[in-house]
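Asks: build me a structure from this.
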Amino acid sequence: MTASVPLLVVDDLRVSFGSGTVVDGVSFTLAAGECVAIVGESGSGKSVTARALLGLTGGTVASRRLTLGETDLAGLGERAWRRVRGARVGLVLQDALVSLDPLRPIGREIDDALRLQTRLTPRQRRERALEALVEVGMPDPEARLGSRSGELSGGLRQRALIAAALAVRPELVVADEPTTALDAEVQRVVVDRLRALRDGGTAVLMISHDLGVVRRLADRVVVMRAGEVVETGPTAEVLDAPEHEYTRMLVAALPAGAPRGARLSAPAAASAGTPPDADQPAPAAEAPTRAVSSSVNRVMDDEPGHVPVHRPERSSSRAEAQTAAARALDTPAAPVVLSASGLRRVFPARGAVPDRVAVDGVSLELRAGETLGLVGASGSGKTTTARLLLGLDAPDAGTVELLGEPWTPLHERDRRARRRLLGAVYQDPASSFDPRLPVGRLLADALTGGDRTRVGSGALRRDVVALLDRVGLAADLADRGTASLSGGQRQRVAIARALAARPRVIVCDEPVSALDVSVQAQVLDLLDDLQREEGLAYLLISHDLDVVGHMADRVAVMQHGRVVEQGRTAEVFAAPRHEHTRALLAARP
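Replies: The predicted model follows:
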């Protein structure tokens, strides 16, 4: 196949579920040795379009033409599809932990694909599996053949998933958010592997909300909105000079280069015509200041541990934000609200696996109204450090203080009275929600702390509605289950639940890594607004250095369980002193 003879032709693709059409008239071509990226917000139809190429939509698919080489995909039955999937079209999904069988070794996962799709002998299949792991940069590939997914870091799991998809040497690889939640160095390895595939003649169709990765890998971009293509063209042209207002909005939402305090999301008026499922906050959530009511939003000067904090006004333009950030550097330092000294955590040996030092002598300080970014490669100890700070795990050495008083190591019963002062927002809020409970009940439980005497009261219902309004969500969401919410709505509910106890410190562990760029912008703006208005302190753990550069006042860089560099974010990013920091910054898309 050459660029003039497309390998894949998609002409007027339509996919519907019942009476609802989710993909409407999508057309594009893809040649061997080319990468096309489909971008757009959640619900735009990106993944449904990709799954139509594998016969996995579960809906009604129609098109004028849908072909892979000489094969008419539109006319395939299930038996014929099984000969296409894996052998001719490989699929790399976002969530490797879910996609890989936790009970089977990685080598078995790859071997199954080869056994079903090739005539190789067992010995040849093992050699091919080992070769596939080497190609994706898997460290110690011989040993990893016997490892299960739960024994691997997120980055290693993703490499194993790519190896399983590519071992059969398919003509077309569909990569659906292949780099989400990966640190910059692992992300670069994955992108380099996909680029090598493309350069070797494999066609790559990538679905991604990360426009930096798209710019690095894709030859052409297809922008989708509400099931339709609104703009398409060469990557540089579309991202550098977008013609459609929707594409311009996506590009403007990128945090790269946006100074502290600059608004990323579009004003409500500019988002007119956005599809109903898009995560657009209510207009009140966009206001820089707002009147507050109910126990959720009352003035907090009399709150135990509350410290008045000066925060610069939220700026609408990046130039104004730059000026405000410069002024903020001259303000006196706020009091320390959370500190760690000499934290150490060792996971004991298990079988042939030796002791692993996850955190080694970590010391940190977080001040009122400040955001401290915590960055590092996968497995560097970031999340373990967060668990020690939250009191969810006990350190083998070291201490943590909350508002100047001992926090760790203490027994949980001695921490319980102050537990509400320390909140958390996680990467995957759905996994921390009880799927049986509606949103209102989740927030009511957080507001009452389990006090059943307030359940069913009108005042509690008003507090729940006020909490939803605080994070830009409509009151009627209180009666909906979390499974019916979009990713951005679920993350806003998670933030609302964290706010319910009125904490002074919130640990945000990858709070926007799974969100598309426009919803990410809205959530980051929301976090910044809440911090400015209430003096919250954030510990922001993220693999996305552009997000950290935009949100964090200071940054700490971890490697092998140690903090190897820390300081003001702008200074560390502009002139990194440690080689690991330089490597992370160099790996950014």
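Asks: alpha carbons only for contacts and neighbour counts from here, please
Replies: OK.
Asks: can I assume Leu545 is in contact with Ala586?
Replies: No - taking C-alpha atoms under 8 Å as the definition, Leu545 is not a contact partner of Ala586, at 10.6 Å.
Asks: so what's Trp81 closest to, chain neighbours aside?
Replies: Once flanking residues are discounted, Trp81 sits nearest to Gly55: 6.9 Å by C-alpha to C-alpha, 6 or more residues apart in numbering.
Asks: ok so that neighbour is a strand residue?
Replies: No - with DSSP: H, G, I helix; E, B strand; the rest coil as the criterion, Gly55 is located in coil rather than a strand.
Asks: now for it, how many residues are close by?
Replies: Here the count is done by other C-alpha atoms under 10 Å, and Gly55 has 19 residues near it.
Asks: show the pLDDT at it.
Replies: The per-residue pLDDT reported for Gly55 equals 90.
Asks: let me see the backbone angles for it.
Replies: Per-residue torsions, Gly55: phi 70, psi 30 (degrees, to the nearest 10).
Asks: same thing with Ala417?
Replies: phi -60, psi -30.
Asks: relative to Met558, how far out is it?
Replies: Separation of Ala417 from Met558 (C-alpha to C-alpha, to the nearest Å) stands at 31 Å.
Asks: same drill for those two, tell me which one is more crowded.
Replies: Taking neighbours as other C-alpha under 10 Å, Ala417 and Met558 compare with Met558 leading, 25 against 9.
Asks: next helix or strand past the longest helix along the chain?
Replies: Identified as the longest helix of the chain according to DSSP state H is helix 517-534. The C-terminal neighbour of helix 517-534 among helices and strands, as given by DSSP states H and E, is strand 537-541.
Asks: which strands or helices does that next one pack on?
Replies: The criterion is 3 or more C-alpha pairs under 8 Å, 6 or more residues apart in numbering; DSSP states H and E, and the helices and strands that strand 537-541 contacts are strand 356-367, strand 371-376, strand 505-509.
Asks: for that strand, which outside residues touch it?
Replies: Applying C-alpha atoms under 8 Å, 6 or more residues apart in numbering, the contact partners of strand 537-541 are 337, 366-375, 382-383, 504-510, 531, 548, 552.
Asks: again, only this time at 6 Å
Replies: Defining contact as C-alpha atoms under 6 Å, 6 or more residues apart in numbering, one finds that strand 537-541 is touched by 368-374, 505-510.
Asks: just want the angle from that strand to helix 517-534.
Replies: Counting by axes from the mean of the first three to the mean of the last three C-alpha atoms, to 10 degrees, strand 537-541 points 150 degrees away from the direction of helix 517-534.
Asks: just the angle between strand 537-541 and strand 356-367, please?
Replies: Computed by the same axes, to 10 degrees, the angle between strand 537-541 and strand 356-367 is 150 degrees.
Asks: next secondary structure after strand 537-541?
Replies: Going down the chain from strand 537-541, the next helix or strand is helix 545-551, by DSSP H and E.
Asks: which secondary structure elements does the very next helix or strand once past that next one contact?
Replies: Reading on from helix 545-551 to the C-terminus, the next helix or strand found by DSSP H and E is strand 554-559. For strand 554-559, the packing partners by 3 or more C-alpha pairs under 6 Å, 6 or more residues apart in numbering; DSSP states H and E come out as strand 371-376, strand 562-568.
Asks: please export the C-alpha coordinates of strand 554-559 as CSV.
Replies: What follows is the C-alpha trace of strand 554-559 in CSV, where atoms were taken according to Å, rounded to 0.1, in the frame of the first residue of the first chain:
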residue,chain,number,x,y,z
ARG,A,554,6.5,24.6,43.9
VAL,A,555,7.5,21.2,42.6
ALA,A,556,9.3,18.2,44.1
VAL,A,557,10.9,15.6,41.8
MET,A,558,11.1,12.0,42.9
GLN,A,559,13.3,9.2,41.7
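Asks: so what strands line up beside it?
Replies: With DSSP bridges as the criterion, the sheet partners recorded for strand 554-559 are strand 371-376 (parallel), strand 562-568 (antiparallel).
Asks: closest to Leu536 out of those?
Replies: Between Leu536 and those, the shortest gap by C-alpha to C-alpha is with strand 371-376, which sits at 8.6 Å.
Asks: can you map out the strands along the stretch 251-400 of the chain?
Replies: Secondary structure of the stretch 251-400 of the chain (DSSP state E, counting those that start in this stretch): strands located at 336-347, 356-367, 371-376, 397-402.
Asks: any idea how far the second one is from the chain center?
Replies: The gap between the average C-alpha position of strand 356-367 and the chain average comes to 24 Å, counting by C-alpha atoms, centre = their mean, to the nearest Å.
Asks: kindly report the same for stretch 528-537.
Replies: 22 Å.
Asks: start the count at 802, not 1, going forward
Replies: Okay, using 802 as the starting number, the last item reads as stretch 1329-1338.
Asks: give me the element the spatially most central residue of the chain is part of.
Replies: Residue closest to the average C-alpha location in the chain (C-alpha atoms, centre = their mean): Ser1314, at 1.4 Å. Secondary-structure assignment from DSSP H and E places Ser1314 in no helical or strand segment.
Asks: and it, how far from Ala1384?
Replies: Applying C-alpha to C-alpha, one obtains 20 Å for the distance of Ser1314 from Ala1384.
Asks: please apply the same query to Thr1184.
Replies: Distance of Thr1184 to Ala1384, given as C-alpha to C-alpha: 20 Å.
Asks: settle it for me: which of these two has more neighbours?
Replies: Neighbours were counted for Thr1184 and for Ala1384 using other C-alpha under 10 Å; Thr1184 has more, 18 against 14.
Asks: what about Ala1387? Give its phi and psi, please.
Replies: Taking degrees, to the nearest 10, you get phi -70, psi -20 for the backbone angles of Ala1387.
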